[in-house]
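Trainee: What would the 3D arrangement of this be:
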Amino acid sequence: MANSGFESDRSIDRELTVQDSFPVLQVLSAMDLSPARVDLGKLTIQYQDEASNIEIGDFLQEKLAPIAKGKCSLLTAPRDVVLYGFGRIGRLLARILIERTGGGDKLRLRAIVVRKGGADDLYKRTSLLRRDSVHGPFKGAIHLDAENNAFIANGNYVKLIYADAPNAIDYTQYGIDNAVVVDNTGKWRDEAGLGLHLQAKGVSTVLLTAPGKGGIKNIVYGVNHTDLVGNEQIVSAASCTTNAIVPVLKAVNDRYGLANGHIETVHAYTNDQNLLDNYHKKERRGRGAPLNLVLTETGAASAVVKALPELAGKLTGNAIRAPIPNVSLAMLNLNLNAETSKDELNEYLRHVSLYSGLRDQIDFTASTEVVSSDLVGSPYAGIVDSKATIVQDNRCTLYVWYDNEAGYSHQVVRLMQHMTGLRYPSLPE
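Mentor: Predicted coordinates:
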């Protein structure tokens, strides 16, 4: 991402020098490994702690045995992706997908579907992709193919398709088949509406970037993605707030047990609000977003139950929209089933952020100077602000920051990868 110099303090109790890690990196680079995510820092620490009398090569062969299978592709063929809608989340998803295309054997962005805005529609939409007031400039080059209503971004050829309904498109005429359609319009949230995508030729799966209704599975990747059995055609990635708070709630509940609590979110304003006072169908949201704190509702607390059923009936929630364009803050006021202390709780969450299965979802900061703009571009679902943690006996308040655009978009991509079989092992354990 363009602005990825965000604040983070996920660290151990020592610093590593280049002299420490380079010998490990040197041997690692010569190994014939299958695709994976390898943490050089953790490998170096483990080598220092566990293997002082073992050759680096033998140590790495042991630690990386699960991926010492030679170079290969995780997918038998590239998987086509279509973005239905091209707003804040759609454009960030496009950036992430383009950034990760690699050799083209992974998820491959093929098309974007929108309603035509005007004669200069292609130019204006690609300009919004190229320049972003919050996340900065696009990393790379974008060239227009006006004749074919398409653009080439860092070598990725992407078709811009105009349509008024999901089932009015034949994607196969553009060479697109077995596609994952990511609906980021928010217009349809039930099976009847989202099922229209499945009526279009060339579509096999639909991923919704909003809370789904009815029987649609709401997935927070890292928490309940294993609920997917592999034959789901419509899946929801829940909301940005749900993705931010559920991993932390799971971690806390696993360790201490959660009796009950209240979630209050201070959320950046969105396009759903008005710039200046004007009519709005929802209460208070008609007032000027850049000028006011706006008290409103959130479904995040009730949505938690879809990912963590064991918390049913234990949480309430509300929200305040704040006059900033991005990065939000959730305050988790929790009553635990066991007493703890601030230091113990923070140390536990720091450890979770480094070593658990939630390390991609939970980040951790120990700075007393962090503010919202420091976290623009964070790929994590949520960032625990340890200096703000409050604990008294079995009661605690946790402050969890989240980039409600970038952090959520990375979660959507993680879920998309899981659904398509693009699953990278993370080593060392």
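Trainee: Next up, the contacts around the nearest residue to residue 385 once chain neighbours are set aside.
Mentor: Leaving aside its chain neighbours, residue 385 sits nearest to residue 399 (4.3 Å; criterion: CB to CB, 6 or more residues apart in numbering). In this view, the C-beta of every residue, glycine as well, is placed from N, C-alpha and C. Contacts here follow CB atoms under 8 Å, 6 or more residues apart in numbering; on that basis residue 399 touches 329-332, 384-385, 388-389.
Trainee: same deal with residue 41?
Mentor: If you count contacts by CB under 8 Å, 6+ apart, residue 41 has them with 16, 21.
Trainee: what ranges do the strands span in the stretch 51-200 of the chain?
Mentor: When secondary structure is read from DSSP state E, counting those that start in this stretch, the stretch 51-200 of the chain shows strands at 79-84, 107-114, 142-145, 150-153, 156-162, 179-183.
Trainee: can you redo those as TSV with distance to residue 124, mean pLDDT and mean neighbour count?
Mentor: As requested, these are exported to TSV (distance: least, CB to CB, whole Å; pLDDT from 0 to 100; neighbours: other CB atoms under 10 Å):
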stretch	distance to residue 124	mean pLDDT	mean neighbour count
strand 79-84	16	96	25
strand 107-114	11	96	23
strand 142-145	11	96	14
strand 150-153	12	96	20
strand 156-162	11	96	19
strand 179-183	21	97	25
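Trainee: So which residues of the stretch 101-250 of the chain form helices?
Mentor: In the stretch 101-250 of the chain, the helices defined using DSSP state H, counting those that start in this stretch lie at 121-130, 191-198, 240-256.
Trainee: Show me what the longest one packs onto, helices and strands only.
Mentor: On a contact count with 3 or more CB pairs under 8 Å, 6 or more residues apart in numbering; DSSP states H and E, helix 240-256 meets strand 258-268, helix 300-307, strand 328-336, helix 342-355, strand 362-365, strand 382-385, strand 395-402, helix 406-420.
Trainee: Could you point out which of those sits nearest residue 79?
Mentor: Across those, residue 79 has its closest neighbour in helix 406-420 (4.7 Å, CB to CB).
Trainee: Now the element after the closest one, going C-ward?
Mentor: Note on helix 406-420: by DSSP states H and E, the next helix or strand toward the C-terminus is strand 426-427.
Trainee: Quickly run through the sheet partners of that following strand, with directions.
Mentor: Sheet pairing of strand 426-427 (DSSP bridges) gives strand 37-38 (parallel).
Trainee: List of residues touching the partner strand?
Mentor: So strand 37-38 is contacted by 28, 64, 67, 424-428 (CB under 8 Å, 6+ apart).
Trainee: Quick one: work out the angle between the helix or strand following that strand and helix 342-355.
Mentor: Proceeding N to C from strand 37-38, the next assigned helix or strand is helix 40-50, under DSSP H and E. Comparing the axes of helix 40-50 and helix 342-355 via axes from the mean of the first three to the mean of the last three CA atoms, to 10 degrees yields an angle of 110 degrees.
Trainee: So which bits of helix 40-50 are buried?
Mentor: Neighbour-count burial for helix 40-50, counted by 16 or more other CB atoms under 10 Å, picks out 42-47.
Trainee: Residue 181 and residue 233: what is the separation?
Mentor: Distance of residue 181 to residue 233, computed by CB to CB, to the nearest Å: 10 Å.
Trainee: shared neighbours of these two, anything?
Mentor: Residues touching both residue 181 and residue 233 by CB under 8 Å, 6+ apart: 205-206.
Trainee: Any regions of the stretch 51-200 of the chain where pLDDT drops low?
Mentor: For the stretch 51-200 of the chain, the stretches with pLDDT under 70 are 52, 103-105.
Trainee: what's stretch 218-237 in contact with?
Mentor: Stretch 218-237 is touched from outside by 189, 191, 194-195, 198, 204-212, 216-217, 238, 242-243, 246-247, 250, 303, 306-308, 357-358, 360-361, 381, 408, 411-412, 414-415, 418-419, with contacts defined as CB under 8 Å, 6+ apart.
Trainee: Buried residues in that stretch, which are they?
Mentor: Across stretch 218-237, burial judged by 16+ other CB under 10 Å covers 218-225, 234-237.
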